[in-house]
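1. here is the input, now give the coordinates:
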Amino acid sequence: MALGGLLVLAVALFLLWGLRAPVAFILSLRSEKLAALVLVGAATGAATVIFQTIAANRLLTPGIVGFDALFIFIQTTLVMILGGVGYADLPVTPKFLAEAACLTAAAMALFGVLFRKGAEDVIRMILTGVILGALLRGLAEFVQRLLDPSEFAVVQQASIASFNSVDEGQLGIAAVVLVLALLAAWRLAPALDVAGLGRAKARTLGLPHDRLVLAALGIVALLVSVSTALVGPITFLGLLAASLAHAALRDFRHTVLIPAAALIGASILVAGQAVFERVLGLQSALAIVVEFAGGLLFLALVLARRRT
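-> Below you'll find the predicted structure:
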């Protein structure tokens, strides 16, 4: 309830801070952006909690396996093939659907290979994800060097998460998919409590662990892929939301952890966007600051684990 109140406060701050005439028009614009912020924050937070449970490691985030690198590679390839003008003329909704489908399919293929042994080989998962991400980033940077400055600027703009140009049609489709995926994640919560005990113990207790892993990873892939295709990559937002949820609740039950991480992720984005727009005048990108804070948190968690 406290986290829900925090999100309501952040929503009120975002909608009403600096509100002036024409009130109805400004509220309509802010409401669309608010919906995108809440959906992406909630989806990313929930997906990270599920992913960490399946991988049995709270240092991980789904983005570490290369979602952002694949997204940037797709944008770079499209600009190289179509040019800046052709890229800008692409139909918005079909492009969104194609990118979401491509990211989801690639994630499921990767997870299927990495988690064949029940998510026990975490080091192999981290190394494979980092290597694939580095490979895709290297290919994208190579292609970007072949682009002229105007096309390179298009790629740069498309590669940074932005909530300022979310299409209404995309938002409607993403809302339906993400809400259904979040509901499915919440229904899996009791089984995830058992899965958190480990594959051997879960199977001893009668849980179909491998089938659960496949279902959970499918939900994670859908949540992260649709969020990334909608606004762009925010790799470490989920790590922030999941870590804060664990620290605030100190509870192992996913029926509370998943909603808590979703509320915290949404609150971070809504409050952060309000500060950036009303105080800083959009002089920076919210995603950059979130990535910086999340990266620092990741390093802190790694160092803390080494000490213990």
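
2. CA only for contacts and neighbour counts going forward, please
-> Fine.

3. which parts of the stretch 201-308 of the chain are helices?
-> Along the stretch 201-308 of the chain, the segments classed as helices by DSSP state H, counting those that start in this stretch run 209-231, 237-249, 254-278, 286-307.

4. rebuild the ones you listed as JSON lines, extending it with distance to V8 and mean pLDDT.
-> Converted to JSON lines, the helices of the stretch 201-308 of the chain look like this (distance: least, CA to CA, whole Å; pLDDT from 0 to 100):
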{"stretch": "helix 209-231", "distance to V8": "21", "mean pLDDT": "87"}
{"stretch": "helix 237-249", "distance to V8": "17", "mean pLDDT": "87"}
{"stretch": "helix 254-278", "distance to V8": "8", "mean pLDDT": "88"}
{"stretch": "helix 286-307", "distance to V8": "20", "mean pLDDT": "69"}
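
5. among the ones you listed, which is nearest V49?
-> When the helices of the stretch 201-308 of the chain are compared for distance to V49 using CA to CA, the nearest one is helix 237-249, at 5.6 Å.

6. restrict that closest one to CA atoms and write it as CSV.
-> These are the backbone C-alpha positions of helix 237-249, laid out as CSV (Å, rounded to 0.1, in the frame of the first residue of the first chain):
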residue,chain,number,x,y,z
LEU,A,237,16.0,-0.1,-14.5
GLY,A,238,14.9,-3.6,-13.5
LEU,A,239,17.9,-4.1,-11.3
LEU,A,240,17.0,-0.9,-9.4
ALA,A,241,13.4,-1.9,-9.0
ALA,A,242,14.0,-5.5,-8.0
SER,A,243,16.8,-4.6,-5.5
LEU,A,244,14.6,-1.9,-3.9
ALA,A,245,11.7,-4.3,-3.7
HIS,A,246,13.7,-7.0,-1.9
ALA,A,247,15.2,-4.4,0.4
ALA,A,248,11.9,-2.8,1.3
LEU,A,249,9.9,-5.9,1.8
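
7. contacts for that helix next, please.
-> Residues external to helix 237-249 that are found in contact with it (CA atoms under 8 Å, 6 or more residues apart in numbering): 41, 44-49, 58-61, 257, 260-262, 264-265, 290-291, 293-294, 297-298.

8. and the helix or strand where M108 lies with helix 209-231, angle?
-> Take DSSP states H and E as the rule and M108 turns out to sit in helix 92-114. Calculated by axes from the mean of the first three to the mean of the last three CA atoms, to 10 degrees, helix 92-114 forms an angle of 150 degrees with helix 209-231.

9. got the helices of the stretch 201-308 of the chain as TSV, with mean neighbour count and distance to R20 columns?
-> Compiled in TSV, the helices of the stretch 201-308 of the chain are given as follows (neighbours: other CA atoms under 10 Å; distance: least, CA to CA, whole Å):
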stretch	mean neighbour count	distance to R20
helix 209-231	23	27
helix 237-249	22	31
helix 254-278	23	13
helix 286-307	15	24
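
10. following the helix holding M108, which helix or strand comes up?
-> Past helix 92-114, further along toward the C-terminus, the next helix or strand under DSSP H and E is helix 122-145.

11. which is the next helix or strand following that next one?
-> Past helix 122-145, heading to the C-terminal end, the next element that is a helix or strand (DSSP H and E) is helix 149-159.

12. what mean pLDDT does the helix or strand just after that following helix have?
-> Reading on from helix 149-159 to the C-terminus, the next helix or strand found by DSSP H and E is helix 168-187. With pLDDT averaged residue by residue, helix 168-187 scores 91.

13. same for helix 168-187, what does it pack against?
-> helix 23-55, helix 92-114, helix 209-231, helix 254-278 (3 or more CA pairs under 8 Å, 6 or more residues apart in numbering; DSSP states H and E).

14. so who does the residue most central in space within the chain touch?
-> To find the centre residue of the chain, average its C-alpha atoms and take the closest one (CA atoms, centre = their mean): that gives T44, at 3.8 Å. When the contact criterion is CA under 8 Å, 6+ apart, the partners of T44 are L223, V224, S227, L237, G238, A262, G265.

15. pull out the buried positions in the helix or strand where T77 lies.
-> Secondary-structure element containing T77, defined by DSSP H and E: helix 67-88. Buried positions in helix 67-88, judged by neighbour count with 16 or more other CA atoms under 10 Å: 67-80, 83-84, 87.

16. about what we covered before: can you check the pLDDT for the residue nearest to the centre of the chain?
-> Among the per-residue scores, T44 holds a pLDDT of 92.

17. rewinding a little: nearest to A36, of the contacts of T44?
-> The closest of the contacts of T44, once distances to A36 are taken by CA to CA, is S227, at 8.9 Å.
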